[in-house]
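Asks: I'll drop the sequence and a predicted model, then ask my questions.
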Protein chains: 2
Amino acid sequence: MEITILKKLLSIKMYKSPVLKKITFVMLAIFIATLTTSAVQHPGLFLTPNGVKEIKASLGKYPLFDKSYNELKAIADKALTEQIEVPVPKDGGGGYTHEKHKNNYYEMNAAGTLYQLTGNVKYAQFVLDMLLKYAQIYPTLDLHPVIKSEARGKLFWQTLNDAVWLVHTANAYDCVYNFISEQDRQFIEKNLFRPMAEFLSNGNPSNYATFNKMHNHGTWSMAAVGMIGYAMGDKELVAKALYGSNKDGKTGFIRQLDVLFSPDGYFTEGPYYQRYSILPFMTFAQIIQNQQPELNIFKYRDGILQKAVNTVLQCAYNGEFFYLNDALYKTYETQEIVYAVDIAYKNNPANKQLLDIAHQQGSFIVSDEGLATAKAVYAEKIQPFELKSVLLRDGQNGDEGGIGILRSGNDNKQTCLTLKATSHGLSHGHYDKLSIVLYDNGNCILPDYGAVRFLNIEPKNGGGYTKENTSWGMQTIAHNTVTVDNQSDFKGNFKMSSQFHSDINYLDCKNPEAQVVSAVEHNAYKGVILNRTLALIHHPAFEFPVVIDIFKVNSDSTHNLDFPFYYNGQMVMTDINYQKNTNELKALGTKNGYQHLWLEASGKTNKPTASFTWVTGNRFYSITTLANADNQFMMTRIGAGDPDFNLRNTPCFMVRQQNTANHTFVSVIELHGLYDLTREVTSGFESNVANIELSKDDENFTAAKIKTKNNLQFLFITVNKDFGEFKNRTLTVEGKIITFTGNYYFVEINN
Amino acid sequence: MEITILKKLLSIKMYKSPVLKKITFVMLAIFIATLTTSAVQHPGLFLTPNGVKEIKASLGKYPLFDKSYNELKAIADKALTEQIEVPVPKDGGGGYTHEKHKNNYYEMNAAGTLYQLTGNVKYAQFVLDMLLKYAQIYPTLDLHPVIKSEARGKLFWQTLNDAVWLVHTANAYDCVYNFISEQDRQFIEKNLFRPMAEFLSNGNPSNYATFNKMHNHGTWSMAAVGMIGYAMGDKELVAKALYGSNKDGKTGFIRQLDVLFSPDGYFTEGPYYQRYSILPFMTFAQIIQNQQPELNIFKYRDGILQKAVNTVLQCAYNGEFFYLNDALYKTYETQEIVYAVDIAYKNNPANKQLLDIAHQQGSFIVSDEGLATAKAVYAEKIQPFELKSVLLRDGQNGDEGGIGILRSGNDNKQTCLTLKATSHGLSHGHYDKLSIVLYDNGNCILPDYGAVRFLNIEPKNGGGYTKENTSWGMQTIAHNTVTVDNQSDFKGNFKMSSQFHSDINYLDCKNPEAQVVSAVEHNAYKGVILNRTLALIHHPAFEFPVVIDIFKVNSDSTHNLDFPFYYNGQMVMTDINYQKNTNELKALGTKNGYQHLWLEASGKTNKPTASFTWVTGNRFYSITTLANADNQFMMTRIGAGDPDFNLRNTPCFMVRQQNTANHTFVSVIELHGLYDLTREVTSGFESNVANIELSKDDENFTAAKIKTKNNLQFLFITVNKDFGEFKNRTLTVEGKIITFTGNYYFVEINN
């Protein structure tokens, strides 16, 4: 009945305002959630009775799905052979009890699923036995003894992991619900699930705050509480999960969908944490879809969850996620992305590009969604997943800067350039305004360091972020952008940085020969405007793409500027007169990240440009940058100030310009040649850039002229204000009047 | 007629002595080679009329062969569209004229082959046109202007490349021989081929020496001269190539087969150069087989060439050749190994394991041999190529030490440990007596640096070996072995080192649970005996293999010992009290390679063992070594004394023991745990070794007891002299009498 009312109300023509429509939708949903009391069907979270039937009938038909099934079965079968152990929590990440409790939820989840799919009661008995042990121990537990998080859990050192435990265990419980006696269910729910749900959502002020927070930790808490709510048939818990502790929709899962994603589906913490949080988002959404299809959750906010899945997939190179903010190695093959892709496909089977990713993953959730996706991988025409140039706007309303991604080429050797000009990105954000990363030829060429962390390796700060994550990883000098006065953006002040964001000037990728992104930062340094424009040029004159990089710094007072390019690979040549320190190395500075850089070499040039070439994989790369006699060029290497061997030793080419109020760095980053050790063929190891000229540089326009060694000339102009892709522009460059429409101009010119 | 005589003579029963048989064989061959004057059939080198027919009929049937054919055709077709250019030689390796002349021979070889396979005269015309240009320019050429080699070529900076040019061009000439008019042939032979053959074999004392030298440069010269001899029907040139300038068999190709390979088919320069020289060996042998099948070259010296192919394939991990001596990145997929495998298979089609390699390579020579192999890949049952534990003896008679290779596991994640105890290895040898390399889990764990060289990158010392190859790459301290008194083996004296070799004590791989190799070095340091025994243990008590490493140093005077372990990966933990240098780094020394090491940290321990753990890929590795209060432990990193950025920055864990006459290092190198960032699972990051005891150590036996943290004990005993696998041994260890048979003893003991 309630569904009918909701549908009717939503169909009334008066809801022309999307906001009004949304508010009414939420209110109605709250109303329904609170009042509905229909009995719950089991399984009803990830598996459904129909799904179970279908999966049973499908085994043996889809080898990749069978593989996933067999892997899950292997976990469950191995679990059955071992003594159940529920230790008193003691260790931090990577330690024994930590890994044991993690293993336990994987095992319960596997055994619960296997019980449904085989009907073999030994699996159900295993889940029951383990749940009883947890129910016995849980009431005796105080907060976890490891004090490293403000939100200490009970089973784990942080609440977050307790929530993850419950997400998996709720599914297991749902699977074996009907197997367990009423008495045992009462015992387990009373001693384990209800206290745990209470602890997670309201156990102390910190947990309450997390549960109601617009943050991925909150998502996990809500998913955990909501899922166990559904499993137990507890509408109250579900309502809290969906609409917050006060059930008013001001917090809760639905509100997170409004706030945590930009209209492009970008998650403000960045790709690493978007990957992490997509699991509870998609998982919980699927369970809402199964339990309350009337909420039509996958259509909510114009299909924001589907957008979020697409967006996280776009934030990768060769299936490896960008290392922006606190980030470690993660790929499309992680469990989170398997879940996200399978669930996204099940709810939007028209998107055949998702099948490409599912096929690459080669594994599936053993669930209705996984089966649907696996079937389609075998039966449907897979469309290649298109990684494309795109602007991913940041901020709830899409007006807090964003990430510009430019790509050239279609295969896994494509060139990919990113410009980060977002808001801070919460606690995992870095002070990296206008920093770039370059990928090419299957390799990361100009890397972002990412996080300084050894996940779950206990001797490395308990597996958590090491102190160098703050002293190095987050600092501006650790990134491929300009550091002003040897200080990080916002002097490394998190609260300050969180109040501001960069702005995207424009991203224009219509012309594959010249794709351009431009962004500006007004607040990172007081009285200093940073403006960076990057053009990814793939002109027939160049074998591979080249990047034109214009970094404009404007101020009314003088500053010292450091502009590093971290590179992977081995230095080949430079035209700078440099001296390398061969007997002794010193740290470049004492703070703000500089204490982590060894100064390997430094030099000057008397030429109008400085060029630096290195080799990565089988290709050469050169940076040629506009130079002057004041420039100091430095070759540094990460690794100083690192008493515990926590840092990697990436080298860097750095341009230093001191005592300047207004300075524009113009650089060409060139991909060139071939270094093929197998066939012993080397070609094109020299940069083709003969000269760079800054032909014009004012508040309206910046124009750079690039001359190549084979006597070609190119002119690139970017607009610096009044952006608009249909605006007509007129300017004079070297006495010639140039007119164009849009935000940039790129042309080959004749002498 | 001559063939009949030879066969008859060889079949006579009196040749029971292999030496006598060989001598007679050689004499007869010389006799025949000198007298035979039968006309030459074209094509008759790599292609034969029959082969051409077969290849034509086979195109379209074997996709991988078609791929190779199409690649060759693409080279030829591209060549046809471009202006033929034969520049005056000017540049060193990697430079324009160098690469152009290289390209030219590839193009001629491709076009010649294509002419035979398509009958299209445009290909033949291309070869003719280019040969005419070479014939015009060649008589005008002086020695190459780049003076970097003692053996300067004419087309290239070293004769070697001229020889390689001729090997390829001879084949092209053979293919188009019948297309070219008598007059043009005379012009080309007179102005190009004969002078070049003369230049290579006799142009100056250096070339004469090379041509008659027992060295891979000689092989190339002989193959070049011999092949053009066959192509022109010049028996005299062929005879010189086969039997040396004096045609007496004291030098020449046949003599090289006696001298350059050990009885195991090991080439004294090591795997990198064995790979390089296998091409002229196998190519020339195939052409001899085609032209003079009566020589039965592939059966010569008990099939030494087949052994050589197998041996080079054994010197690899995951298809990547060991980096011993001067070595760079090379794989099974290089052209040389494609040639070697196809030719080896054609001449021994019973060896179905070669098809596994051919299949991995996925490419074939476009020739009779390539087709035969490709056909078999599709038609025959491929046997997996078995990489196995093996002793590869060095020296013409197999009595100059060798390389011990121990392997555990069958797949491309297998564990592989090498011990190098060979002779010096000619000019590309390193001072690396008793050094080890460890591979595991698809990665190189304890690497050998190999060569310091950037092949064909002209700014890097013209693409040749950089000066750091001598000052670092060759030095003892650059290797995983003991350096005595901060000096390299033989004080880095090449002549001295070339007079001696290490000796293999034993290699026993019969028991997969405990495979052991042991070697001794008497001469590297005056008055010092180095003796190293390595046991690769794969006991059920350990998840992965462990290595027990006993390094015994005995002298009658005191010395300082440095024992480094270079590792790839990131340091995780150590129980040493160490101080890391965080603001300033200094080079560890001033010479013998020490000037290239930064001292990052050093420390001491008061425990009986010292342990050092790092992570590579998704696995942990620990070295636990017997320690005393005198030990200094150092963590170093390569990169000091490197003004031109030529070195990689590999880290190292080093044990220093000073002022000792007799010292035995006992270390356990352990593979353990899991670091899975994708699934976020970490386990077993701690070493399982609780203690090491040196229970006995005298001239006869060394016994080490290993205690694990899970309370197991293992005893390993090695014999130090009077080796023999059937000898009975009796000794007393800690009051217990132990008896065993053979060279070592390994057992789990109860407390």
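Replies: That came through fine. Residues are numbered from 1 along each chain as shown, chains lettered A, B, ... in the order given.
Asks: Residue numbers of the stretch 601-750 of chain A in contact with chain B?
Replies: Contact residues (C-beta under 8 Å from any C-beta of the partner chain) of the stretch 601-750 of chain A with chain B: A:601, A:613, A:615, A:635, A:637, A:639-645, A:648-649, A:675, A:677-683, A:685. Using the backbone N, CA and C atoms, a C-beta is placed for each residue, glycine as well.
Asks: residue nearest the centroid of chain A?
Replies: Closest residue to the average C-alpha location of chain A: A:Pro271 at 0.5 Å, with C-alpha atoms, centre = their mean.
Asks: Let me know the pLDDT of that one.
Replies: Among the per-residue scores, A:Pro271 holds a pLDDT of 97.
Asks: ok, back up a step: write the PyMOL selection for whichever of the residues of the stretch 601-750 of chain A next to chain B are buried.
Replies: Per 16 or more other C-beta atoms under 10 Å in any protein chain shown, the buried members of those correspond to this PyMOL selection:
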select buried, chain A and resi 601+613+615+635+637+639+640+641+642+645+675+677+680+681+682+683+685
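Asks: Domain-wise, how is chain A divided?
Replies: According to automatic domain parsing, chain A comprises the domains A:1-36, A:42-260, A:276-386, A:390-749.
Asks: nearest to B:Gly395, of these?
Replies: Checking the domains of chain A against B:Gly395 by C-beta to C-beta gives domain A:390-749 as the closest, at 29.3 Å.
Asks: What average pLDDT does the closest one get?
Replies: The average of the pLDDT scores along domain A:390-749 is 97.
Asks: what's the first-to-last distance across that domain?
Replies: End-to-end distance of domain A:390-749: 29 Å, with C-alpha to C-alpha, to the nearest Å as the criterion.
Asks: Please apply the same query to stretch A:579-592.
Replies: Taking C-alpha to C-alpha, stretch A:579-592 runs 25 Å from one end to the other.
Asks: Show me what counts as buried in it.
Replies: For stretch A:579-592, a neighbour-count test (16+ other C-beta under 10 Å) marks A:580-582, A:585, A:587-589, A:592 as buried.
Asks: What are the contacting residues of that stretch?
Replies: A:475-477, A:483, A:486-488, A:492, A:594-603, A:634-636, A:640-641, B:582-587, B:595, B:598, B:640-645 (C-beta atoms under 8 Å, 6 or more residues apart in numbering or on different chains).
Asks: Tell me which two of the buried residues of stretch A:579-592 sit farthest apart.
Replies: The largest distance within the buried residues of stretch A:579-592, taken as C-beta to C-beta, falls between A:Thr582 and A:Asn592 and amounts to 27.4 Å.
Asks: thinking again about what came up before, now distance to B:Ile304 too, for the domains of chain A, in JSON lines please.
Replies: Formatted as JSON lines, the domains of chain A follow (distance: least, C-beta to C-beta, whole Å):
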{"stretch": "domain A:1-36", "distance to B:Ile304": "82"}
{"stretch": "domain A:42-260", "distance to B:Ile304": "47"}
{"stretch": "domain A:276-386", "distance to B:Ile304": "45"}
{"stretch": "domain A:390-749", "distance to B:Ile304": "26"}
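Asks: Could you point out which of these sits nearest B:Gln291?
Replies: Nearest of the domains of chain A (C-beta to C-beta): domain A:390-749, 28.3 Å.
Asks: Near chain B, which residues of the stretch 1-150 of chain A? Just list them.
Replies: So the stretch 1-150 of chain A meets chain B at A:93-94, A:99, A:102 (C-beta under 8 Å from any C-beta).
Asks: What about those residues, which are in helices?
Replies: Per DSSP state H, helices hold the following members of the residues of the stretch 1-150 of chain A next to chain B: A:99, A:102.
Asks: who wins for neighbours among the residues of the stretch 1-150 of chain A next to chain B?
Replies: Highest neighbour count within the residues of the stretch 1-150 of chain A next to chain B: A:Gly93, with 25 neighbours (other C-beta atoms under 10 Å in any protein chain shown).
Asks: who's in contact with the closest residue to A:Gln136 other than its chain neighbours?
Replies: Spatially, and ignoring its direct neighbours in sequence, A:Gln136 is nearest to A:Asn191 (7.2 Å; C-beta to C-beta, 6 or more residues apart in numbering or on different chains). By C-beta under 8 Å, 6+ apart, the contact list for A:Asn191 reads A:135-136, A:138-139.
Asks: is it true that A:Asn191 lies in a helix?
Replies: Yes. Checked against DSSP: H, G, I helix; E, B strand; the rest coil, A:Asn191 lies within a helix.
Asks: Now do the helix or strand hosting A:Trp165: which elements does it pack against?
Replies: Here A:Trp165, judged by DSSP states H and E, is contained in helix A:159-176. With contacts taken as 3 or more C-beta pairs under 8 Å, 6 or more residues apart in numbering or on different chains; DSSP states H and E, helix A:159-176 sits against helix A:96-118, helix A:121-137, helix A:194-202, helix A:205-211, helix A:216-232, helix A:271-291.
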